[in-house]
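Peer 1: Using only what follows, build the 3D model:
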Amino acid sequence: MSTLSHVDAGGQAAMVDVSGKPVTQRVAVATGMILMSRAAFEAVRDNAIAKGDVLAVARVAGIMAAKKTAELIPLCHPLPLSRVGIDFTLHPDDWVIEVTATAKTQGQTGVEMEALTAASVALLTVYDMAKAVDKAMRIEGVRLLAKTGGKSGDWTAPC
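Peer 2: Modelled structure (predicted):
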């Protein structure tokens with residue numbers, strides 16, 4: 001069993017020392033989805049939500065969230081992000097909006113938390129903007145899809 005990297009020898013929470021690690025290209029991709037009523041889906045798709053363009057605002061919110069990850073997650077390192085991309089896929093048969101968040105940096109630690117934070121906040125923003133139409137929306141399946149770079153190497157989620 002592997003040891004936890006955010007716990008020191010005394011069992012206390014600790015920020016990982018990455019000073020000895022080489023700077024490498026790091027990329028992480030995360031996803032998630034929001035399930036909603038047909039009325040909410042169509043209102044978002046047709047840009048008919050009174051608060052404005054839901055997906056445009058959610059895209060900006062996801063990017064901003066990635067940049068603030070170290071302020072939100074206590075033991076995350078602040079990272080100079082070189083790119084954060086937020087893409088939405090609409091699934092009209094299921095009334096689902098899927099988000100894919102990609103974070104990139106040149107650094108000594110990975111950007112998985114930034115990608116996950118971006119996906120989560122983008123979905124929360126969709127919820128916030130469309131909740132007047134459907135308060136029963138569900139955010140599901142937020143997870144890491146892939147990461148590249150670093151000591152642990154590349155990783156892709158099994159289906």
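Peer 1: Let me see the ranges of the helices in this structure.
Peer 2: Assigned by DSSP state H, the helices in the chain fall at 38-45, 54-67, 69-72, 112-130.
Peer 1: looking at those, which is closest to residue 17?
Peer 2: helix 69-72 (15.5 Å; Cβ to Cβ). In short, each C-beta sits where N, CA and C put it, glycine included.
Peer 1: count of neighbours near residue 28?
Peer 2: Taking other Cβ atoms under 10 Å as the criterion, the count of residues near residue 28 is 25.
Peer 1: contacting residues around it?
Peer 2: The neighbours of residue 28, taking Cβ atoms under 8 Å, 6 or more residues apart in numbering as the test, are 102-103, 110-112, 114-116, 144, 146-148.
Peer 1: how close does it get to residue 145?
Peer 2: Between residue 28 and residue 145 the distance is 8 Å, computed by Cβ to Cβ, to the nearest Å.
Peer 1: try residue 56
Peer 2: From residue 56 to residue 145 the distance is 23 Å (Cβ to Cβ).
Peer 1: which of those two has more neighbours?
Peer 2: residue 145 (16 against 11).
Peer 1: Residue 91 touches residue 98, doesn't it?
Peer 2: Yes. Using Cβ atoms under 8 Å, residue 91 is in contact with residue 98, at 6.5 Å.
Peer 1: mean confidence score for stretch 45-58?
Peer 2: If you average the pLDDT over stretch 45-58, you get 97.
Peer 1: actually stretch 98-111, not the one I wrote
Peer 2: For stretch 98-111, the mean confidence score works out to 95.
Peer 1: By neighbour count, which bits of that stretch are buried? Give me those.
Peer 2: 98-105, 107-111 (16 or more other Cβ atoms under 10 Å).
Peer 1: Work out the gap between that stretch and the centre of the chain.
Peer 2: In this view, stretch 98-111 has its centroid 9 Å away from the chain centroid, taken as Cα atoms, centre = their mean, to the nearest Å.
Peer 1: same question, stretch 118-132
Peer 2: The mean C-alpha position of stretch 118-132 is separated from the chain mean by 12 Å, Cα atoms, centre = their mean.
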